[in-house]
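Participant: Output the structure for:
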Amino acid sequence: MTGRQKKYLRALAHSLKPLVNLGKQGLSPETRRELETQLLDHELIKCKVLDSCPLSKKECAEEISKQTEIEVVQVIGKTLVLFSQHPEDPRIKFPSAWPTSEGVKYTCTEVEKTAVVLDLFLISY
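Facilitator: From the prediction side, this is the model:
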């Protein structure tokens, strides 16, 4: 996943509330199943690592990312942002055209160049 895609997902996840809490049981099979179910329903979720969790937030992120098709987008505080695209019907679609650092390349004719120069001259005069 590219940095721009992660940035886009972080922006989408900003307003989300955590759907799954990792507590005393840590990443038990039930918790993993719940994560997979929520990701199938929503594709992008937040997961909260509680103080009672035996694993740290980094350990949880590593364990979750080892699972198939789950991408850890961000770890902020004790909250993990997780993404997994739906295998059949993806809801989150990434923008097709990303703005470039160079901006839009514009080619113009000599007449347009002359008009721009004249406009600039008249404005400055």
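
Participant: Contacts for stretch 40-60 next, please.
Facilitator: Here stretch 40-60 makes contact (Cβ atoms under 8 Å, 6 or more residues apart in numbering) with 9, 12-13, 16-24, 26-27, 35, 38-39, 63-64, 73, 75, 78-86, 90-92. To be clear about C-beta, it is placed using only N, CA and C from the backbone, and glycine gets the same treatment.

Participant: which of the residues in that stretch are buried?
Facilitator: Buried residues in stretch 40-60, counted by 16 or more other Cβ atoms under 10 Å: 42, 43, 44, 45, 46, 47, 48, 49, 53, 57, 60.

Participant: Determine how far the last residue of it lies from the first.
Facilitator: Taking Cα to Cα, to the nearest Å, the first and last residues of stretch 40-60 lie 20 Å apart.

Participant: any idea of the mean pLDDT for it?
Facilitator: Averaged over stretch 40-60, pLDDT sits at 95.

Participant: same check, this time on stretch 85-104
Facilitator: Mean pLDDT, computed over stretch 85-104, is 74.

Participant: Could you tell me how many residues sit around the residue nearest to residue 64 when sequence neighbours are not counted?
Facilitator: Distances taken as Cβ to Cβ, 6 or more residues apart in numbering put residue 70 closest to residue 64, at 5.5 Å, once the chain neighbours are dropped. The local packing of residue 70 (other Cβ atoms under 10 Å) involves 16 other residues.

Participant: Now the phi/psi pair for residue 70, please.
Facilitator: Dihedral pair for residue 70: phi -110, psi 120, per degrees, to the nearest 10.

Participant: follow-up on the earlier one: among the contacts of stretch 40-60, which are in strands?
Facilitator: The strands, defined by DSSP state E, take in 18, 19, 20, 21, 22, 73, 75, 79, 80, 81, 82, 83 from the contacts of stretch 40-60.

Participant: I am finished for the moment; much appreciated.
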